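Q: Next come a sequence and a model predicted from it.
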Protein chains: 2
Amino acid sequence: MAAAAAEVSNKRVVLKRHVTGFPTEDDMELVPATARLAVPPGSAAVVLKNLYLSCDPYMRSRMSRHDEPSYVPDFVQGEVLTALGVSKVVESGHQDYKPGDLVWGMTGCEEYTLITNLESHFKINHPELPLSYYTGVLGMPGFTAYAGFFEVAKPKKGDYVFVSAASGAVGQLVGQLAKITGCYVVGSAGSDEKVNLLKTKFGFDDAFNYKKEQDLTATLKRYFPEGIDIYFENVGGAMLDAVLLNMRLHGRVAVCGMISQYNLEQPEGVRNLFCIVAKRIRMEGFMVTEYYGNYRKFEEEMAGYLKEGKITYVEDVAEGIESYPTALIGLFYGRNTGKQLVAVARD
Amino acid sequence: MAAAAAEVSNKRVVLKRHVTGFPTEDDMELVPATARLAVPPGSAAVVLKNLYLSCDPYMRSRMSRHDEPSYVPDFVQGEVLTALGVSKVVESGHQDYKPGDLVWGMTGCEEYTLITNLESHFKINHPELPLSYYTGVLGMPGFTAYAGFFEVAKPKKGDYVFVSAASGAVGQLVGQLAKITGCYVVGSAGSDEKVNLLKTKFGFDDAFNYKKEQDLTATLKRYFPEGIDIYFENVGGAMLDAVLLNMRLHGRVAVCGMISQYNLEQPEGVRNLFCIVAKRIRMEGFMVTEYYGNYRKFEEEMAGYLKEGKITYVEDVAEGIESYPTALIGLFYGRNTGKQLVAVARD
């Protein structure tokens, strides 16, 4: 018989109801619970202590109920949310993991999570860098920027690059990768503070606050008198329409997300798609998970950039599992500056 | 001194006024004129006798006046329209062309045309096939189907293929190339007669009359219960929106044209673009002229298919230069069945 396992407090964020339109904090509930720090005998499960939990735009889809399967599974009403996170193994039945190991991957929005299948987790190879970076620049959003920019948009030196939601987890990195590649890059964001960050901290050649612009088509023409070669699309809707009119011949639109549309009952109509023919544009959606086979190459490259100071990274860290609902909702109002995450525990 | 050149009647179709909205026959004018069958001494010009003139959807753009250059140049008010055509050289100052040579390329909408620069013309290598075919299956529309399907959509055997405007010059060939490739192919068209043609003559696996369908999303789901791998896009608007919802993972949309939108003051809004992310769709516009370097390979392959009876081709031939305005306008109402062209002279 194993010794009686420790039982600890395990506050968790549960989905109270499925969402239509803008989500609110009331759609989630913080539920007190306990966790046993033990794995089922003979299983390959592990118990994770969650250190940092990520808030990401794709989670909006999971908060709704879809009649047909969506591209990510819906959250289940009354059950704990799941999110990407950085975790420490505290108990392990798996031969490849031992207590103290650090991993990142999908975990529960709670303090401790029992994971029966670790197949989609990555061990953390650079714990000398801030661990929270594995929710961002060294994790899914960072690799999204890298794969989307290099594999989908296929940049060339000298290309004119436009990034929307440019101060977000993905956008800030796309801009810096574009500069490393020798591109000219302009970003848009939703506050003067963010715009300032783009220009002074992330090295964008220029940036603008889209909320202050009356006519986005004219705005883009001002920032790109020669037109846009690459649009890294994070927002959709009216911005995409304006971009299409400003694309150059053989331009590429790497479609990462369309956050401006996620909370609308009916998405905005995009009217300028004929530009796709007239300018022979390639518009391509991608999902970072399809590139995970190359993650280690990315991790090494990005860790190198960070250590050399070639890439700067800004996080917006909320403290404590209690702050998770507010932090997640804030994403959809653009309240975060930089990558939004929640620090559940420091070690 | 050269002998006095013959002067012949040369009726021509002139643009009376630039167009907004649906064009009408009254936007063009048939003007009686004469032509001298002679080339300027010392020039490399040729005089072409136009045999067959093509009516193509891209010409709609040319009938409007654009403030900024469009993807094709605007027609000039008061001047003769230009169109693709099959022509016979009747006078030549060019060392590579002699009277009697047959060519296809951009010419005037008139009986005779003086061409000073033949660089964008192709000599006709298969005059044993109907010459009019070089306005279609062996010319620009045929090569559009071929390049768009093979180079842009990149089909695999077993792919589910949907073609809109499927009985038109390009669509009928895409469907047949899809069958040759081992795909399952369904087409849409705007009349029962055209639908019948798709099923009985062009070998589409199935076809439907979009004008009789209330809910295109449901219609496509009925015809493609497994979803669509390739959409060959000729129409845009509501059909594209319905297709996006029915695409499969990693589907490709080869965007050839959007004829349903050309005459609208404001294009319809397309709302389902988020499917591009969710299903990792590649949507790519193309223009056949960028593939012209491979035209000869296509010409040989397609001539072979025609002689072996592997490709069937249907034309809608209007008689006489006088019929050009009516034939061109008919395209935008879907009045043509098969490739629309005008026979100006038989030889």
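A: Cool, got the structure.
Q: just the strands in the stretch 1-150 of chain A please.
A: A:7-9, A:12-15, A:28-31, A:34-36, A:46-54, A:82-92, A:102-108, A:112-115, A:122-123 (DSSP state E, counting those that start in this stretch).
Q: Excluding sequence neighbours, find me the nearest residue to the closest residue to chain B within chain A.
A: Ranked by C-beta to the nearest C-beta, the top residue of chain A for proximity to chain B is residue A:269, at 1.3 Å. Just so you know, the C-beta spots here come from the backbone N, C-alpha and C atoms, and that holds for glycine as well. Spatial nearest neighbour of residue A:269, excluding adjacent residues (C-beta to C-beta, 6 or more residues apart in numbering or on different chains): residue B:269 at 1.3 Å.
Q: can you list the residues of the stretch 151-300 of chain A near chain B?
A: Contact residues (C-beta under 8 Å from any C-beta of the partner chain) of the stretch 151-300 of chain A with chain B: A:236, A:240, A:255-258, A:261, A:266-287, A:290.
Q: List the contacts of residue A:61.
A: Shown in contact with residue A:61 (C-beta atoms under 8 Å, 6 or more residues apart in numbering or on different chains): A:70, A:71, A:72, A:74, A:262.
Q: For these, give me TSV that also has distance to residue B:189, neighbour count and pLDDT.
A: Supplementary listing: those in TSV, determined by distance: C-beta to C-beta, whole Å; neighbours: other C-beta atoms under 10 Å in any protein chain shown; pLDDT from 0 to 100:
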residue	distance to residue B:189	neighbour count	pLDDT
A:70	33	14	86
A:71	32	17	88
A:72	37	15	92
A:74	38	15	96
A:262	36	23	87
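Q: In helices, which of the residues you listed appear?
A: With helices taken from DSSP state H, there is no overlap with these.
Q: can you tell me which of the residues you listed lies nearest to residue B:173?
A: residue A:71 (33.9 Å; C-beta to C-beta).
Q: okay if I get the strands of the stretch 1-150 of chain A as TSV plus mean neighbour count?
A: What follows is the strands of the stretch 1-150 of chain A, written out as TSV (neighbours: other C-beta atoms under 10 Å in any protein chain shown):
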stretch	mean neighbour count
strand A:7-9	12
strand A:12-15	22
strand A:28-31	17
strand A:34-36	16
strand A:46-54	25
strand A:82-92	23
strand A:102-108	21
strand A:112-115	22
strand A:122-123	16
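Q: who wins for proximity to residue B:176 among those strands?
A: Nearest to residue B:176, of the strands of the stretch 1-150 of chain A and by C-beta to C-beta, is strand A:102-108 at 46.7 Å.
Q: can you list the residues that contact that closest one?
A: The contact list for strand A:102-108 (C-beta under 8 Å, 6+ apart) reads A:12, A:48, A:50, A:53, A:80-89, A:97, A:113, A:115, A:118, A:120-124, A:127, A:131, A:134-135, A:139.
Q: Skip ahead from the strand or helix carrying residue A:178 and say which helix or strand is next.
A: Take DSSP states H and E as the rule and residue A:178 turns out to sit in helix A:171-181. Using DSSP H and E, the helix or strand that follows helix A:171-181 in sequence is strand A:184-189.
Q: Output the helix or strand following that following strand as PDB, restricted to C-alpha atoms.
A: Once the chain leaves strand A:184-189, the next helix or strand it forms, by DSSP H and E, is helix A:192-200. Below are the C-alpha coordinates for helix A:192-200, written out as PDB (Å, rounded to 0.1, in the frame of the first residue of the first chain):
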ATOM      1  CA  ASP A 192      -1.100  54.900 -27.900                       C
ATOM      2  CA  GLU A 193       0.700  53.000 -25.200                       C
ATOM      3  CA  LYS A 194       0.900  49.900 -27.400                       C
ATOM      4  CA  VAL A 195       1.900  51.900 -30.400                       C
ATOM      5  CA  ASN A 196       4.700  53.500 -28.400                       C
ATOM      6  CA  LEU A 197       5.800  50.000 -27.400                       C
ATOM      7  CA  LEU A 198       6.000  48.900 -31.000                       C
ATOM      8  CA  LYS A 199       8.100  51.700 -32.000                       C
ATOM      9  CA  THR A 200      10.400  52.100 -29.000                       C
END
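Q: helices or strands up against helix A:192-200?
A: Here helix A:192-200 touches helix A:171-181, strand A:184-189, strand A:206-209, going by 3 or more C-beta pairs under 8 Å, 6 or more residues apart in numbering or on different chains; DSSP states H and E.
Q: What are the contacting residues of it?
A: The contact list for helix A:192-200 (C-beta under 8 Å, 6+ apart) reads A:166-167, A:172, A:175, A:187, A:189, A:204, A:206-209, A:314, A:337-338.
Q: What are the buried residues along it?
A: Neighbour counts using 16 or more other C-beta atoms under 10 Å in any protein chain shown place A:194, A:195, A:197, A:198, A:199 of helix A:192-200 among the buried residues.
Q: and the gap between the fourth one and residue A:142?
A: Residue A:198 is 17 Å from residue A:142, where distance means C-beta to C-beta, to the nearest Å.
Q: Tell me if residue A:340 really is in a strand.
A: Yes - applying DSSP: H, G, I helix; E, B strand; the rest coil, one finds residue A:340 inside a strand.
Q: Do I have it right that it meets residue A:333?
A: No - distance between residue A:340 and residue A:333: 11.2 Å, which falls outside the contact criterion (C-beta atoms under 8 Å).
Q: Which of the two has more residues huddled nearby?
A: For the pair residue A:340 and residue A:333, the greater number of neighbours falls to residue A:340 (24 against 10), based on other C-beta atoms under 10 Å in any protein chain shown.
Q: would you list the buried residues of helix A:192-200 in JSON lines and tack on pLDDT?
A: Formatted as JSON lines, the buried residues of helix A:192-200 follow (pLDDT from 0 to 100):
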{"residue": "A:194", "pLDDT": "95"}
{"residue": "A:195", "pLDDT": "97"}
{"residue": "A:197", "pLDDT": "96"}
{"residue": "A:198", "pLDDT": "97"}
{"residue": "A:199", "pLDDT": "97"}
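Q: Toward the C-terminus, what is the element adjacent to the longest helix seen in chain A?
A: Longest helix in chain A, counting residues (DSSP H): helix A:295-308. Per DSSP H and E, the first helix or strand lying C-terminal to helix A:295-308 is strand A:315-319.
Q: Thank you kindly, that will do.
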